[in-house]
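Chemist: no sequence on this one, just coordinates:
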């Protein structure tokens with residue numbers, strides 16, 4: 001799948017940057033498993049803390065206070081923020097609760113939001129995964145890769 005995504009990004013002359021929270025860089029690692037990926041992957045930020053979400057990704061403090069770090073709103077701001085900061089065609093973000101601790105009744109372990117920001121608009125999707133911490137992280141990355149692949153099929157050529 002990462003080879004196909006790389007091919008699509010290259011053919012459309014698009015670049016991507018990632019903002020990751022619960023996946024800790026795993027998404028960017030997967031995208032850069034492809035030789036030549038430096039042509040389209042510009043970089044990433046692992047924003048585990050709210051402080052980094054605010055300072056590096058331009059997530060609004062009010063968004064974090066009103067909706068929390070694990071929310072559609074925060075995921076969208078993370079994606080838009082990384083896109084702007086890294087001056088890329090597309091920003092891709094993941095925020096969630098990988099567990100085994102940190103979950104609540106309202107936001108249980110396995111809750112993940114993934115967002116994409118680009119010229120074709122912004123979109124976010126909510127997921128509920130189960131499994132170990134490692135499994136949740138892996139499932140989140142796979143879902144993000146599927147989401148970016150779908151987004152790229154909709155993305156206009158430049």
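Modeler: Structure's in. What do you need? Predicted, not measured: the structure shown is a model, and the values here were computed from it.
Chemist: Specify the beta-bridge partners of the residue positioned nearest the centre of the chain.
Modeler: For the chain, the residue nearest the mean C-alpha position is residue 93 (1.8 Å; CA atoms, centre = their mean). For residue 93, the beta-bridge partners are residue 19, residue 115 (DSSP bridges).
Chemist: What ranges does the protein have for its helices?
Modeler: 2-11, 26-31, 50-57, 61-67, 72-86, 133-154 (DSSP state H).
Chemist: Tell me which residues touch the residue nearest to the centre of the chain, please.
Modeler: By CB atoms under 8 Å, 6 or more residues apart in numbering, the contact list for residue 93 reads 18-21, 57, 75-76, 78-79, 82, 114-117. Backbone N, C-alpha and C define where each C-beta goes, glycine included.
Chemist: Kindly reformat those as TSV containing neighbour count and distance to residue 101.
Modeler: Shown next, in TSV, are these (neighbours: other CB atoms under 10 Å; distance: CB to CB, whole Å):
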residue	neighbour count	distance to residue 101
18	31	25
19	33	23
20	27	19
21	28	15
57	23	24
75	31	21
76	21	26
78	33	22
79	29	26
82	29	27
114	28	22
115	26	24
116	28	29
117	28	30
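Chemist: mind showing which ranges of this structure have poor pLDDT?
Modeler: Counting by pLDDT under 70, the chain contains low-confidence ranges at 155-158.
Chemist: how about residue 137, what does it touch?
Modeler: Counting by CB under 8 Å, 6+ apart, residue 137 has contacts 22-24, 26, 98.
Chemist: and of these, the nearest to residue 150?
Modeler: residue 23 (18.6 Å; CB to CB).
Chemist: Can you report how many residues neighbour that closest one?
Modeler: 26 (other CB atoms under 10 Å).
Chemist: residue contacts, it?
Modeler: Residue 23 neighbours (CB under 8 Å, 6+ apart): 94, 96, 98, 137, 140-141, 144.
Chemist: one more time with 10 Å
Modeler: Applying CB atoms under 10 Å, 6 or more residues apart in numbering to residue 23 gives the contacts 29-30, 46, 93-96, 98, 112, 114, 136-141, 144.
Chemist: and what of residue 73?
Modeler: Per CB under 10 Å, 6+ apart, neighbours of residue 73: 59-60, 62-64, 66-67, 113, 115, 124.
Chemist: Give the residue farthest from the middle of this structure.
Modeler: In the chain, by CA atoms, centre = their mean, residue 105 is the one farthest from centre (23.9 Å).
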